[in-house]
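Asker: how does the following fold in three dimensions:
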Amino acid sequence: MIRLNHLALVVGNYGRSRDWYTRNLGLKVEFEIADRNTVALQDDSGLTLFLSEPAEGAVTATCTLTFEVDDVEAMHRTLAARRHWCRPIG
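Answerer: Below you'll find the predicted structure:
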């Protein structure tokens, strides 16, 4: 089984974003790392949304998806056997 475990988004102001997601969507704060401008919010089904405000001038990914699988090693073997699994699509 594969399911989305968490999603990470880069935001302009993590505090304002945290407040918006909790107030308007009802997400709950799982944990917060204020000195890293990062908060983890969770929905009712266990999906965690990480909101992160990068340090000025830092280069970061704009979106990161993380999937959960039952057996990481088995999935790695399956994907590695395909030999093209890490190539970009398109």
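
Asker: what helix or strand is the residue in the chain sticking out farthest from the centre located in?
Answerer: Largest separation from the mean C-alpha position in the chain: residue 81, at 26.5 Å (Cα atoms, centre = their mean). Here residue 81, judged by DSSP states H and E, is contained in helix 72-82.

Asker: now do that helix, average pLDDT.
Answerer: Mean per-residue pLDDT for helix 72-82: 83.

Asker: hmm, which helix or strand of this protein has the shakiest average pLDDT?
Answerer: Ranking every helix and strand in the chain by mean pLDDT, DSSP states H and E puts strand 63-69 at the bottom, with a mean of 77.

Asker: what's the angle from that strand to helix 72-82?
Answerer: Relative orientation of strand 63-69 versus helix 72-82 (axes from the mean of the first three to the mean of the last three Cα atoms, to 10 degrees): 110 degrees.

Asker: for the strand of greatest length in the chain, name the packing helices and strands.
Answerer: As assigned by DSSP state E, the longest strand anywhere in the chain is strand 2-10. Under the contact definition 3 or more Cβ pairs under 8 Å, 6 or more residues apart in numbering; DSSP states H and E, strand 2-10 sits against strand 48-52, strand 63-69. (Each C-beta comes from the backbone N, C-alpha and C, glycine too.)

Asker: now with 10 Å?
Answerer: helix 14-25, strand 38-42, strand 48-52, strand 63-69 (3 or more Cβ pairs under 10 Å, 6 or more residues apart in numbering; DSSP states H and E).

Asker: now mean neighbour count too, for those, in CSV please.
Answerer: Formatted as CSV, these follow (neighbours: other Cβ atoms under 10 Å):
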stretch, mean neighbour count
helix 14-25, 15
strand 38-42, 20
strand 48-52, 20
strand 63-69, 11
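
Asker: so for residue 31, which of those sits nearest?
Answerer: Closest approach to residue 31 among the helices and strands packed on strand 2-10 (Cβ to Cβ): strand 38-42, 5.1 Å.
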